[in-house]
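> sequence below, structure please.
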Amino acid sequence: MANVALARVYQQSFETHPYTTLAFTNGAFNALGDIVAQLTQKVQRPEDRRRQWTYDIPRTMRFFAFGFGMGPLVGRWNFFLEHNFPLRIQGGSGKVSLRALARRVGADQLFMAPIGLAIFIGSMGVMEGRDAKHIGQRYSELYKPALMANWQVWPLAQLVNFRFMPLAYRVPFQSTCGVFWTLYLSLLNAKEDERQDRDEGRRRTLK
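The predicted model follows:
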């Protein structure tokens with residue numbers, strides 16, 4: 001019953017303020033993904049180092065900010081796909097065209113996925129205060145493996161999303177699946193943070 005009420009509130013909010021609704025929804029799910037990632041990192045630490053662990057609130061806020069900014073962009077992209085890649089041919093049988101569905105998923109993965117990943121790496125570097133050199137290193141280290149991982153996971157998720165979810169619920173569905181994707185990106189980004197900080201510390205020691 002609570003889920004039905006929540007869905008009704010979301011639908012009303014989407015109808016009146018679609019992009020604001022998508023921004024907060026996507027931001028919240030991105031923040032949740034980082035929370036899970038940080039707790040996972042704590043569990044993975046050796047027991048003697050867990051006591052030194054502190055929750056990184058600014059890191060979660062960075063993920064919220066990224067999701068908040070991407071929500072309207074992804075929503076606008078879904079409107080574009082809906083208009084330019086219709087799944088049902090007008091005047092036809094009304095059935096979903098598998099070819100049209102494949103074209104929509106292909107357009108999403110070949111165009112939006114690389115752009116979104118590039119925005120993620122760049123924006124995280126900027127929000128963390130990294131200089132251009134470090135952000136460039138991050139692109140060279142993270143972009144290709146993350147994109148390859150994306151193409152192993154997201155085509156199937158987006159096929160389900162585009163085929164079965166109404167337009168208003170595509171970003172929330174994607175954000176829900178994205179909790180686990182954000183977990184992966186957060187751990188990947190944190191690992192690169194630690195490496196860059198360690199290398200920077202070594203350079204300062206040698207000076």
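
> pLDDT value on the closest residue to Trp77 other than its chain neighbours, please?
Spatially, and ignoring its direct neighbours in sequence, Trp77 is nearest to Met112 (5.4 Å; Cβ to Cβ, 6 or more residues apart in numbering). All C-beta spots, glycine's among them, are computed from the backbone N, C-alpha and C. Looking at Met112, its pLDDT is 96.

> near Met112, how many other residues are there?
18 (other Cβ atoms under 10 Å).

> quick one: it and Arg76 touch, right?
No. With contacts counted by Cβ atoms under 8 Å, Met112 stays clear of Arg76, the gap being 10.4 Å.

> from Gln12, how far out is the residue nearest to Trp77?
27 Å (Cβ to Cβ, to the nearest Å).

> tell me the contacts of Pro114?
Shown in contact with Pro114 (Cβ atoms under 8 Å, 6 or more residues apart in numbering): Leu147.

> any stretches of this protein with poor pLDDT?
Applying pLDDT under 70 to the chain flags residues 1-2, 47-51, 89-94, 193-194, 196-207.

> how about the helices in it?
2-16, 18-44, 47-50, 57-84, 98-107, 113-127, 132-164, 170-206 (DSSP state H).

> distance check, the closest residue to Val171 other than its chain neighbours against Tyr143.
Once flanking residues are discounted, Val171 sits nearest to Leu22: 4.8 Å by Cβ to Cβ, 6+ apart. Distance, Leu22 to Tyr143, using Cβ to Cβ: 25 Å.

> looking at those two, which has the bigger crowd around it?
Counted by other Cβ under 10 Å, Leu22 and Tyr143 do not tie: Leu22 has more neighbours, with 27 against 16.

> for Ile115, see how far away the more buried one is.
17 Å.

> now do Ile35
Counting by Cβ to Cβ - Ile35 and Ile115 are separated by 26 Å.

> quick one, what contacts Met61?
Counting by Cβ under 8 Å, 6+ apart, the residues that Met61 touches are Ala31.

> hang on, I meant Phe79
Phe79 makes contacts with Leu167, as judged by Cβ under 8 Å, 6+ apart.

> equivalent analysis for Leu147, please.
Contacts of Leu147 by Cβ under 8 Å, 6+ apart are Ala113, Pro114, Leu117.

> how about a cut-off of 10 Å?
Leu147 sits next to Gln109, Ala113, Pro114, Leu117, Ala118 when contact means Cβ atoms under 10 Å, 6 or more residues apart in numbering.

> and Trp151, by the same measure?
Counted by Cβ under 10 Å, 6+ apart, Trp151 has contacts Gln109, Leu110, Ala113, Pro114.

> distance check, the residue nearest to the first one when sequence neighbours are not counted against Val36.
Taking Cβ to Cβ, 6+ apart, and ignoring the residues beside it in sequence, Gln109 has Pro155 as its nearest neighbour in space, at 5.6 Å. Between Pro155 and Val36 the computed distance is 23 Å (Cβ to Cβ).
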